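Asker: build me a model:
(one chain, ligands or ions: 1)
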Amino acid sequence: MAGGGCAPPRLDGFVLTERLGTGTYATVYKAYSKRDTREVVAVKCVSKRSLNRASVENLLTEIEILKTIRHPHIVELKDFQDPI
Ligand SMILES: Nc1ncnc2c1ncn2[C@@H]1O[C@H](COP(=O)(O)OP(=O)(O)OP(=O)(O)O)[C@@H](O)[C@H]1O
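Answerer: Down below sits the predicted model:
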């Protein structure tokens, strides 16, 4: 996902709003749930085109680790979607 002036991408069940930041491989957006709770989350959108095989493996490892970690100082991974 490119940064700059691009519109936020679409994601089922959430409304993406402003861009929170950009890293090496991803752009992170503030979003809220369309459910009654209006839960606020950060959505990290990874640009697959920027990834080589090693980067993909690193990212998938990070996702698997984050799924298992619950700590007050580490952000909780709530969901992972790969739209192919
Ligand atoms: N959960 C979050 N809440 C608020 N802002 C966030 C959150 N996660 C990331 N950000 C913002 O988005 C930026 C990019 O995050 P991302 O995880 O893609 O990269 P990074 O870890 O900062 O850098 P790199 O990928 O280069 O190591 C962060 O620097 C931060 O400003």
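Asker: enumerate every residue touching the residue minimising distance to the centre of the chain.
Answerer: The centroid of the chain falls nearest to Lys44 when counting by CA atoms, centre = their mean (1.8 Å). Neighbour list for Lys44: 26-28 [criterion: CB atoms under 8 Å, 6 or more residues apart in numbering]. Every C-beta, even on glycine, is put in place using the N, C-alpha and C of the backbone.
Asker: filter the residues you listed down to the ones in helices?
Answerer: Per DSSP state H, helices hold no members of these.
Asker: by neighbours, which of those residues wins?
Answerer: Within the contacts of Lys44, most neighbours by other CB atoms under 10 Å means Thr27, with 21 neighbours.
Asker: just the pLDDT for that residue.
Answerer: Note for Thr27: predicted pLDDT of 94.
Asker: then the one 5 residues further on?
Answerer: Predicted confidence (pLDDT) at Tyr32: the value is 97.
Asker: what does the one 5 residues further on give?
Answerer: Taken from the predicted model, the pLDDT recorded for Thr37 is 94.
Asker: what's the end-to-end length of stretch 32-51?
Answerer: 27 Å (CA to CA, to the nearest Å).
Asker: is the ligand contacted by that stretch?
Answerer: Yes. Residues of stretch 32-51 contacting the ligand under CB under 6 Å from any ligand atom: 42, 44.
Asker: tell me which residue of the chain lies closest to the ligand.
Answerer: Nearest residue of the chain to the ligand: Gly23, at 2.1 Å (CB to the nearest ligand atom).
Asker: so what's the residue count around that residue?
Answerer: 10.
Asker: near the ligand, which residues of the chain show up?
Answerer: Near the ligand, when you scan the chain using CB under 6 Å from any ligand atom, you find 20-26, 28, 42, 44, 75.
Asker: dump the helix or strand hosting Val56 to CSV, restricted to CA.
Answerer: Using DSSP states H and E, the element containing Val56 is helix 53-68. Provided in CSV are the C-alpha atoms of helix 53-68 (Å, rounded to 0.1, in the frame of the first residue of the first chain):
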residue,chain,number,x,y,z
ARG,A,53,10.7,-14.3,-0.2
ALA,A,54,12.8,-13.7,2.9
SER,A,55,10.7,-10.7,3.9
VAL,A,56,7.5,-12.7,3.4
GLU,A,57,8.8,-15.4,5.7
ASN,A,58,9.9,-12.8,8.3
LEU,A,59,6.4,-11.2,8.2
LEU,A,60,4.6,-14.6,8.5
THR,A,61,6.8,-15.5,11.5
GLU,A,62,6.1,-12.1,13.1
ILE,A,63,2.4,-12.7,12.6
GLU,A,64,2.5,-16.2,14.1
ILE,A,65,4.4,-14.9,17.2
LEU,A,66,2.1,-11.9,17.6
LYS,A,67,-0.9,-14.3,17.6
THR,A,68,0.4,-16.0,20.7
